[in-house]
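Trainee: could you look at this predicted model? Sequence included:
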2 protein chains.
Amino acid sequence: MGRRSLPTRGHPRQARRGQGPEGAAEVHPGGGSGGQGQQGQQGQAGRQGCTEGRSQGRQARCQARCQDDSSEGGGKSSGQARRPQGRRQSRCARLSAGAEPPVSEAQPALRWAVVGPGNIAGRFVQALQGLPDQELSLILGRDLARARSFASAHRAAGRHEPRLQQAAGEAQLRAALSSPDIDAVYIATPHAQHGEAVAAALQAGKAVLCEKPLVPGLAQARPLLALAQARQAFLMEALWTRFLPVYAQVQQWLQAGLIGPLRGVQSSFCFSIPFDAQSRCFDPALAGGALLDIGIYNLSMTRWVLQQALGACPEPLRMEAQAVLAPTGVDQRLAATLHFPGGISSQFVCAFDGMADNGLRIFGERGLIELPQQFWEATEARLTLAGQAPQTVHLPFQINGFEGEILEVSRCLRAGLTESPQMPLSETLATLAWMDALRTQVGVRYPFD
Amino acid sequence: MGRRSLPTRGHPRQARRGQGPEGAAEVHPGGGSGGQGQQGQQGQAGRQGCTEGRSQGRQARCQARCQDDSSEGGGKSSGQARRPQGRRQSRCARLSAGAEPPVSEAQPALRWAVVGPGNIAGRFVQALQGLPDQELSLILGRDLARARSFASAHRAAGRHEPRLQQAAGEAQLRAALSSPDIDAVYIATPHAQHGEAVAAALQAGKAVLCEKPLVPGLAQARPLLALAQARQAFLMEALWTRFLPVYAQVQQWLQAGLIGPLRGVQSSFCFSIPFDAQSRCFDPALAGGALLDIGIYNLSMTRWVLQQALGACPEPLRMEAQAVLAPTGVDQRLAATLHFPGGISSQFVCAFDGMADNGLRIFGERGLIELPQQFWEATEARLTLAGQAPQTVHLPFQINGFEGEILEVSRCLRAGLTESPQMPLSETLATLAWMDALRTQVGVRYPFD
């Protein structure tokens, strides 16, 4: 793992406002025109589908992933960074009542740009605003009205007001992200557009946290990783599940060998949405399909389980899958098994056209561990050992679950790392290789493959 | 489905006692020598392993399956059938407080012989003795001391005392089972010995309920089915799970289409026992291995789910499996997926070398059904429909869960059927064909294959 100098934290807080670098349109969310009808637009995006785990009666949180990044010009405004200490202290006090916040009050804030202001970015920003030393500096989207609406929906009292900027395409994004008031960039555009945003942010010399999958396939990943290495820039796929408190407990159980030698994993991640050729979920040009959108959790957490139990995740001896393809050619449902050495198997199903229990179950010789519901956002895990009553732990989020990955980025940057030890790029590559193989097997091809 | 005349119920109750037909040794359990040390033998058999679902903290009942059928000569005694009406009425009253007993008090008792007096036969006899119109007439085993011990352990006050008889091999069994005081035969010997006992019972013109698997492979099944047809005799594999009250509820849910089109099934059936080359579970000569011993439940209930949801179970387009073989060559762990038309998949794992949640989960477009624990002996099922809170039903056994299959045999015989509509022989054949294919795939061969 490479090292890099600390990011631009500690730079003057009064960054240039009003006009982004290279002249991209920029506004302040509080000011001026264009504010009408934005909530309606936001609502429409929310209704558009692709909601992870929606339709589950017991689903606690809605994780809509559809981001409509259509462009729109916008007005212009300016604002000053404010830091209300009273508010910050109370937030900090609240956090320390739970788990100890790993980043102390004394640290300068990590200043973020968000690219792709959709539903999932909203959850990210909610976490950001709940943390004491994270700041939202810039919201970038192809549609300025949408960025404005997003900023308005996610305004937090006493928080620095982010700039808004319209930008599309790698060059414009790079220009906008080159601003010195940005340390890190969070990318939440549709899958197929991640690549250009990641490249832009890395070219601008910023740390990058990019929604999963980093890119649709291995072929698109390699040049980005080379770029990150060349720029000595931090890059991490936003596999937030790995940073949830409950998985720290599961990690302890697995590493302590409580359940004995690993035998297998079973999981599911399914929800039901009507087919819509226009939706990101079903559009091959946007790298749609259940595997890349949600099956990636089954795969990535399979890797994680094997790493915790075995020290490293071996390559599967065999992978086999069957899928139901949507009229657009992407996988609307996929059932797969990965067979590892020692007869360890990981069986999973992911789907846009049905419901499942959406649990993750880890089987060992002497016991089992269950994340019984919505494993990707679990707050509950159950350990059952031979001859003993099951023990259940409840480990709630500090905020909404996204805080873990944000704090991980902070920790890594402070340590001068260009990768997260918990979610290194080798993991991104390995999971992409599996997804490529499974897609090939079921005949899903994207136009850019 | 063929029909047959009613079995020998209503025949004179004072059957010939003391000496079985063709001279096989016969004793009455209450009488004479040989009673010492039998509880110890029984206990030893119980410790020998092969306990379904043992080692699970939440496992309510022990389902030991190891039956040591070593032969032993025995003494001789005689006894009279007794029917204490008072006791019977009170038992009947207890039953009618729960579900209505489908067989009324007015019916003559169905008189059973049990072949293979091991742990699982104990559970069968416990259910038999809790039902008003079932009677245990004869206990047959290769080891008379063990039969005596079994009878002693399962003696029920006020119940007819069964005769005991030593018999081994098809000819001896046929002779013993030809007694006119037997209507039906329950066979609970090790898998590889089922065939000779079934053939003997059918040759003796008796109705047969045989533990699963009926035989180890399709090749051994065909002659038995031909024999049953030739004798117009009732034959059923003892897939007791299909007759549990909770599955009647699941059937209602599935047939009503509540969860929408079926998408898939996930299940597990694993428990941990030490490897023992002498144990039935690991002995290829006795058709050991996890698939035939417990995976048969995953397969048979997969068939059942598809039948309830689709009207019929289609043949899988593809089956794939991986196994870990024991030093004796049988499968100690097997993970398999059956891919059906329409992208419906059934993923399961069965094992003697690990633990799993042992649930069965049925996924549909608009909801899911879960048998969350020990699905093969479930008393709880949960229905979750899109946008609704889950509803859980608890449907306890009337006795110990085995009463369902016993009553099914009674119903079928009364109706003159030679097969059960709920568990017809076509099901036995189809499941055997799947097991043959899976065994071939993972390289498990029995000496008699």
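Mentor: Thanks, I have it.
Trainee: A:Leu128: what's it in contact with?
Mentor: A:Leu128 makes contacts with A:112, A:134-136, A:402, A:406, as judged by Cβ atoms under 8 Å, 6 or more residues apart in numbering or on different chains. C-beta here means a position set from N, CA and C on the backbone, and glycine is covered the same way.
Trainee: ok, so of the residues you listed, who is nearest chain B?
Mentor: Checking these against chain B with Cβ to the nearest Cβ, the nearest one is A:Phe402 at 25.4 Å.
Trainee: got the contact list for that closest one?
Mentor: By Cβ under 8 Å, 6+ apart, A:Phe402 lies in contact with A:123-124, A:126-128, A:240.
Trainee: do that again at 7 Å, thanks
Mentor: A:123-124, A:127, A:240 (Cβ atoms under 7 Å, 6 or more residues apart in numbering or on different chains).
Trainee: any idea which of those residues is closest to chain B?
Mentor: Minimum separation from chain B among the contacts of A:Phe402 (Cβ to the nearest Cβ) is found for A:Arg123, which lies at 21.5 Å.
Trainee: test my guess that the closest one contacts A:Asn400.
Mentor: Yes: taking contacts as Cβ atoms under 7 Å, A:Arg123 lies within contact range of A:Asn400: 5.7 Å.
Trainee: now the two most distant members of the contacts of A:Leu128.
Mentor: Pairwise distances across these (Cβ to Cβ) peak at 15.3 Å, for the pair A:Glu135 and A:Phe402.
Trainee: drop anything exposed from the contacts of A:Leu128.
Mentor: Among the contacts of A:Leu128, those classed as buried by 16 or more other Cβ atoms under 10 Å in any protein chain shown are A:112, A:134-136, A:402, A:406.
Trainee: centroid-wise, who is the farthest residue in chain A?
Mentor: Most distant residue from the mean C-alpha position of chain A: A:Gly387, 38.8 Å away (Cα atoms, centre = their mean).
Trainee: give me the element A:Thr337 is part of.
Mentor: Using DSSP states H and E, A:Thr337 maps to strand A:331-339.
Trainee: check the gap between A:Ser267 and A:Leu429 for me.
Mentor: Distance from A:Ser267 to A:Leu429, counting by Cβ to Cβ, to the nearest Å: 22 Å.
Trainee: of these two, who's got more company?
Mentor: Using other Cβ atoms under 10 Å in any protein chain shown as the criterion, A:Ser267 and A:Leu429 rank with A:Ser267 on top: 27 against 16.
Trainee: so for the more buried one, what's the pLDDT?
Mentor: Note on A:Ser267: pLDDT of 98.
Trainee: now it: how far from A:Tyr446?
Mentor: In terms of Cβ to Cβ, A:Ser267 sits 25 Å off from A:Tyr446.
Trainee: again, but for A:Phe271
Mentor: From A:Phe271 to A:Tyr446 the distance is 22 Å (Cβ to Cβ).
Trainee: tell me which of those two has more neighbours.
Mentor: Taking other Cβ under 10 Å, A:Phe271 and A:Tyr446 do not tie; A:Phe271 has more neighbours (25 against 21).
Trainee: can I get the top helix by length along chain A in CSV? Just the C-alpha atoms.
Mentor: Counting by DSSP state H, the longest helix found in chain A is helix A:425-442. What follows is helix A:425-442, C-alpha atoms only, in CSV (Å, rounded to 0.1, in the frame of the first residue of the first chain):
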residue,chain,number,x,y,z
LEU,A,425,-8.4,-1.8,-4.1
SER,A,426,-7.5,-5.5,-4.4
GLU,A,427,-10.9,-6.2,-3.0
THR,A,428,-12.5,-4.0,-5.6
LEU,A,429,-10.6,-5.8,-8.3
ALA,A,430,-11.4,-9.3,-7.0
THR,A,431,-15.1,-8.6,-6.7
LEU,A,432,-15.2,-7.1,-10.2
ALA,A,433,-13.4,-10.2,-11.6
TRP,A,434,-16.1,-12.3,-10.0
MET,A,435,-18.9,-10.1,-11.3
ASP,A,436,-17.3,-10.2,-14.8
ALA,A,437,-17.2,-14.0,-14.7
LEU,A,438,-20.8,-14.3,-13.4
ARG,A,439,-22.1,-11.9,-16.0
THR,A,440,-20.3,-13.8,-18.8
GLN,A,441,-21.8,-17.0,-17.6
VAL,A,442,-25.4,-15.7,-17.7
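Trainee: give me the contact list for it.
Mentor: Under Cβ under 7 Å, 6+ apart, the answer for helix A:425-442 is A:213-214, A:217-218, A:221, A:225, A:235, A:237, A:291-292, A:296, A:299-300, A:303, A:319, A:321-323, A:331, A:334, A:336, A:419.
Trainee: span of stretch A:322-329 from start to end?
Mentor: Stretch A:322-329 has an end-to-end distance of 14 Å (Cα to Cα, to the nearest Å).
Trainee: off-centre distance for it?
Mentor: When distances are taken as Cα atoms, centre = their mean, to the nearest Å, stretch A:322-329 is centred 25 Å away from the chain's centroid.
Trainee: do stretch A:120-127 as well
Mentor: Chain-centre distance of stretch A:120-127: 10 Å, with Cα atoms, centre = their mean.
Trainee: before we move on, what about stretch A:268-285?
Mentor: Distance of stretch A:268-285 from the chain centroid (Cα atoms, centre = their mean) equals 18 Å.
Trainee: mind listing what's buried along it?
Mentor: So for stretch A:268-285, counting by 16+ other Cβ under 10 Å, buried means A:268-273, A:276, A:279-284.
Trainee: those in helices, which ones?
Mentor: Among the buried residues of stretch A:268-285, no member lies in helices (by DSSP H).
Trainee: helices of chain A, start to end?
Mentor: All helices of chain A, identified by DSSP H, fall at A:38-47, A:85-97, A:119-130, A:144-153, A:169-177, A:194-203, A:218-231, A:245-255, A:290, A:296-310, A:403-414, A:425-442.
Trainee: now these as JSON lines including distance to B:Phe363 and mean pLDDT?
Mentor: Formatted as JSON lines, those follow (distance: least, Cβ to Cβ, whole Å; pLDDT from 0 to 100):
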{"stretch": "helix A:38-47", "distance to B:Phe363": "25", "mean pLDDT": "32"}
{"stretch": "helix A:85-97", "distance to B:Phe363": "38", "mean pLDDT": "31"}
{"stretch": "helix A:119-130", "distance to B:Phe363": "25", "mean pLDDT": "97"}
{"stretch": "helix A:144-153", "distance to B:Phe363": "34", "mean pLDDT": "96"}
{"stretch": "helix A:169-177", "distance to B:Phe363": "40", "mean pLDDT": "96"}
{"stretch": "helix A:194-203", "distance to B:Phe363": "30", "mean pLDDT": "98"}
{"stretch": "helix A:218-231", "distance to B:Phe363": "30", "mean pLDDT": "97"}
{"stretch": "helix A:245-255", "distance to B:Phe363": "24", "mean pLDDT": "98"}
{"stretch": "helix A:290", "distance to B:Phe363": "13", "mean pLDDT": "98"}
{"stretch": "helix A:296-310", "distance to B:Phe363": "14", "mean pLDDT": "98"}
{"stretch": "helix A:403-414", "distance to B:Phe363": "29", "mean pLDDT": "98"}
{"stretch": "helix A:425-442", "distance to B:Phe363": "18", "mean pLDDT": "98"}
